[in-house]
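J.: model the structure of this input:
(chains A and B)
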Amino acid sequence: MELNHTNRQINVTRNSLFEQGYLDEQFTQLEDLQDDVNPNFVEEIVTLFFADSMRLIHNAETALENYPLDFCKLDDYMHQFMGSSSSIGAKKVKNECTQFQECCKVRNADGCTRAFQRVKQEHATLKRKLQTYFQV
Amino acid sequence: MSMEYYEEDVPHVLAVDDNIIDRKLIERLLKTSSCRVTVAENAIRALEYLGLKENQQQSQFNGKGAKVNMIITDYCMPGMTGYELLQKIKESSMLKDVPVVIMSSENIPNRINECLEKGAERFILKPLKLADVKMLRCQLTKC
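T.: Numbering: from 1, shown residues only, chains lettered A, B, ... in the order given. A predicted model of the protein is given here:
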């Protein structure tokens, strides 16, 4: 009884992450790669993503404090962030990174600052939701 | 120390990518597709692994390189790009017949054509999926 309830809870949480657009099909690819030999692959790669993205966020934050802005460097950080997000199916984070890159391309400093806030916000939200998902 | 036995027909793939998440993903995808995998975090390390130093002429291939059946590399990498790596491999008499696959998150026709003209086997868009890797694996063993 207990186990059924927990499994239902996991499914509900997981489905809502997809329905609300936080995750896309690529996350399902990760789940498909998990098996008895590698039972924690999803959690491992997601943990790695959040560790690595903290580094990128910190680098971008520092770069955004130095004027004039180095748009090339910022674009590079976001390119990496976008790539990682895309690879784990973090849809909203990926989209915000792309927006940031658009601002870099047209050298829009204010746009970059605003876009970065949204990147951080989506990143924090996803982290919270996935932590809940893995704990269930 | 554990000894791993590899059957003769298990392809050995060298995967090159500067992104740590992508390296983990490609490694899992290749292992799931029954490939032996070596990952390199940049093109220079990849060339060293293959036994080809960047500043060496073809004739100075040191012969100590590992044997690989396929190289799969990201296009955008700091330092030497995937395209430049492809060039070095195709210029090497020892390595030119090794199939090279290029991956990129950007769908740029000029870039794709450039790579294919340089001799890339295939150009794959990221994010990488199991179907992509299974297709490559099939090609390698001609199934």
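J.: contacting residues around the residue sitting nearest the centre point of chain B?
T.: Residue closest to the mean C-alpha point of chain B, counted by Cα atoms, centre = their mean, is residue B:71 at 1.9 Å. Applying Cβ atoms under 8 Å, 6 or more residues apart in numbering or on different chains to residue B:71 gives the contacts B:13-16, B:46, B:50, B:85, B:89, B:98-101. The C-beta positions use only the backbone N, C-alpha and C, and glycine is treated the same way.
J.: inside helices: which ones of those residues?
T.: Taking DSSP state H as the definition of helices, the contacts of residue B:71 contribute B:46, B:50, B:85, B:89.
J.: not counting sequence-adjacent ones, nearest residue to the third one?
T.: The spatial neighbour of residue B:85 that comes closest, neighbours along the chain excluded (Cβ to Cβ, 6 or more residues apart in numbering or on different chains), is residue B:43 at 4.1 Å.
J.: closest to chain A among the contacts of residue B:71?
T.: Closest approach to chain A among the contacts of residue B:71 (Cβ to the nearest Cβ): residue B:15, at 13.2 Å.
J.: which element is residue 48 on?
T.: Using chain A. helix A:41-64 (DSSP states H and E).
J.: my question was about chain B
T.: Here residue B:48, judged by DSSP H and E, is contained in helix B:43-50.
J.: returning to that earlier point: pLDDT score assigned to the residue nearest to residue B:85?
T.: Per-residue confidence (pLDDT) for residue B:43: 97.
J.: return the set of buried residues in the helix ranked longest in chain A.
T.: The longest helix of chain A (DSSP H) is helix A:109-135. Buried residues in helix A:109-135, counted by 16 or more other Cβ atoms under 10 Å in any protein chain shown: A:112, A:115-116, A:118-120, A:122-123, A:126-127, A:129-130, A:133.
J.: then stretch A:8-15?
T.: A:13-14.
J.: how far does it sit from the chain's center?
T.: Counting by Cα atoms, centre = their mean, to the nearest Å, stretch A:8-15 is centred 19 Å from the centre of its parent chain.
J.: low-confidence regions, the chain specifically.
T.: Using chain A. Within chain A, the stretches with pLDDT under 70 are A:1-3, A:136.
J.: hm, I was asking about chain B
T.: Ranges of chain B meeting pLDDT under 70: B:1-8, B:54-63, B:142-143.
J.: next structured bit after the lengthiest helix in it?
T.: If you go by DSSP H, chain B has its longest helix at helix B:20-32. Counting by DSSP H and E, the element after helix B:20-32 in chain order, helix or strand, is strand B:36-40.
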